[in-house]
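K.L.:
Build me a structure from this.
(one chain, ligands or ions: 2)
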Amino acid sequence: MALRGVLRLGEIGIRVLDLDLARTHYVDRMGLIEVMCDEKERKIYCKAWDEHDHHSVVLREADEAGLDYVAFKVYDDQTLTDLEPKVEAFGLEVAHIDAGVYPKSGRRLEFILPSGHRMQLFAEKEQIGNTLGTRNPGVMPDEGVIRGFRINRLDHCLLGGPNIDECGRLFKEVFDFDLSERIEDEESRESLALFLTCSTKPHDVAFVIQPEPGRFHHVSFLLESATDVIHAADLIGKYRIPVDVGPNRHGVTRGNTIYYFDPSGNRNEVFSGGYVHYPDTPTLTWDTSQMGPAQFSQDNVPRESFLTVVT
Ligand code: M3P
Ligand code: FE
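P.N.:
Ligands and ions are numbered 1, 2, ... in the order given. As a prediction, this is how the structure comes out:
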């Protein structure tokens, strides 16, 4: 589809137990750029180098790790106006957040997904660019802008909770996403995981079935190449960052991936690659007879932790 309507996961709020440890992890090790800090509210605002918006990741110190909210950026303010009655018609209560309540951001709509996650939509955020400028930008930022894991941008998240088919219906019917891939129970045919895209990426958001609402499975960042995934793995080893699953390739989405944990136990992913999704690409279905190849196609070993460990 033409990229109008919902554009992408534009901001993710993550709860961390210790802001200083989180800064060491996300900024010093992973190489996200800290653009703003709110000492009073114990929040730091970060971006990846190739994002134009002011920030995409908000880390907030709290008593419990996990997901604060996901905020999707939409094309323009009219899109927000058009979406509001559709979200309400779907059966969700929509709250209004004034411009400026979230720093550098225009007004937002907020509602709770059937999976229990807090979701927002916004159309405007201050843009600060990727340091290259917009006239004769070249391809390489100055030395030191690309650091750590060499993250290009925030890519997607995987959310755990109940009612994932309802979430799938919301994203398809109201937000115009496509269901790119689905994992189902071989016998009951019940959905275990749904992968949804609003772009040409294999997914922009995914849901995995979990008994408890509002769980956070992972946030994922795009790297340039599979070589950069190995480079990140070397840094993960060097800094003794706990690894969930070492370098491998997903069957679902075909990304070259590594999963690891931040100091609060939130799962992170960096990945590269994946196929191009078009609006006429058929939905790909996997079932539990092929959980190994669906999850990790280089050793075909399904990871128990993958479906059970969430924050
Ligand atoms: C991803 C990804 C499963 C695959 C997950 C895939 C649940 O996280 O980024 O492609 O098997
Ligand atoms: Fe992922």
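K.L.:
and the stretch 201-311 of the chain, which of its residues are near ligand 1?
P.N.:
Along the stretch 201-311 of the chain, the residues adjacent to ligand 1 under the rule Cβ under 6 Å from any ligand atom are 208, 220, 250, 252-253, 255, 269, 271, 294-295. To be clear about C-beta, it is placed using only N, CA and C from the backbone, and glycine gets the same treatment.
K.L.:
Is there a quick PyMOL command that grabs whichever of the residues you listed are buried?
P.N.:
Remark: buried members of these, expressed as a PyMOL selection using 16 or more other Cβ atoms under 10 Å:
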select buried, resi 208+220+250+252+253+255+269+271+294+295
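K.L.:
In helices, which of the residues of the stretch 201-311 of the chain next to ligand 1 fall?
P.N.:
In helices, defined here by DSSP state H, the members of these are 294-295.
K.L.:
closest to Asn152 among the residues of the stretch 201-311 of the chain next to ligand 1?
P.N.:
The shortest approach to Asn152 among those belongs to Phe271, at 10.8 Å (Cβ to Cβ).
K.L.:
can you confirm Pro85 is in a helix?
P.N.:
Yes: membership of Pro85 in a helix is supported by DSSP: H, G, I helix; E, B strand; the rest coil.
K.L.:
Could you check how far it is from Arg118?
P.N.:
Remark: distance between Pro85 and Arg118 (Cβ to Cβ, to the nearest Å) = 20 Å.
K.L.:
How about the residue in the chain positioned nearest to ligand 2: what's its closest non-neighbour residue?
P.N.:
Of all residues in the chain, Ser220 sits closest to ligand 2, with a separation of 4.0 Å (Cβ to the ion). Closest residue in space to Ser220, ignoring its immediate chain neighbours: Glu269 at 3.9 Å, by Cβ to Cβ, 6 or more residues apart in numbering.
K.L.:
If I follow the layout properly, that neighbour ends up in contact with Val219?
P.N.:
Yes: with contact defined as Cβ atoms under 8 Å, Glu269 counts as touching Val219 (7.2 Å).
K.L.:
Good, we can wrap up now.
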